[in-house]
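>>> next comes the sequence, and after it the predicted model I'd like to discuss.
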Amino acid sequence: MLMFGMVQAQDTTLKEYIGKYSFPDGTPVTLADVTLKDTVLTISSAQGSSDLMKRSRDTFALLSYDGTAYFIRNASGNISGIKVEVEDTVMNGTKDGATETEQQKQPADTRNKRQKN
């Protein structure tokens with residue numbers, strides 16, 4: 001089962017990731033809550049937790065699952081969603097309060113080819 005966890009980081013930009021992220025029904029995780037306490041960014045779900053390691057501005061490694069979490073930005077540069085990849089499972093979540101149009105922009109450092117919108 002996919003689980004989320006904590007990120008230890010040295011920068012103060014982690015506040016922009018804070019929020020609730022909803023995933024479609026039928027996915028292993030339907031809701032993830034991102035919180036920040038001191039310098040620790042925590043992503044939690046009903047499934048449990050896993051340590052995350054920051055790779056770049058919007059990309060975090062899910063160490064316990066050999067997976068990756070990509071935060072997605074809208075055209076204004078604000079976080080609007082998250083994409084989680086673990087083995088053959090890919091889940092796309094929406095940050096609560098973000099509109100569908102805002103979710104279209106992919107993070108700059110994803111492994112997949114970006115689509116133009």
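It's in.

>>> and Thr35, what is it in contact with?
Contact partners of Thr35, counting by C-beta atoms under 8 Å, 6 or more residues apart in numbering, are Ile18, Leu41, Thr42, Ser44. Quick note: C-beta positions are derived from backbone N, CA and C, even for glycine.

>>> so what pairs up with the last one in the strands?
Right, the one you point to is Ser44. Asp33 (DSSP bridges).

>>> for it, grab the count of nearby residues.
17 (other C-beta atoms under 10 Å).

>>> and what of the third one?
A count of nearby residues for Thr42, using other C-beta under 10 Å, gives 17.

>>> just to check, it is in contact with Leu36?
Yes. Assessed by C-beta atoms under 8 Å, Thr42 is found in contact with Leu36 at 7.3 Å.

>>> can you tell me, leaving aside adjacent residues, what's nearest to Ile82?
Spatially, and ignoring its direct neighbours in sequence, Ile82 is nearest to Gly93 (4.6 Å; C-beta to C-beta, 6 or more residues apart in numbering).

>>> and the spatially most central residue of the chain, what's its pLDDT?
Ranked by distance to the mean C-alpha position of the chain (C-alpha atoms, centre = their mean), the top residue is Ile82 at 3.7 Å. You'll see Ile82 listed with a pLDDT of 95.

>>> the one helix or strand it maps to: what's the following helix or strand?
Assigned by DSSP states H and E, Ile82 belongs to strand 79-86. Per DSSP H and E, the first helix or strand lying C-terminal to strand 79-86 is strand 89-95.

>>> what ranges of this protein fall below the confidence cut-off?
Flagging of the chain using pLDDT under 70 yields the residue ranges 1-12, 51-52, 99-117.

>>> how about the strands in this structure?
Using DSSP state E, the strands of the chain run over 6-8, 19-22, 31-37, 40-44, 52-56, 59-62, 67-73, 79-86, 89-95.
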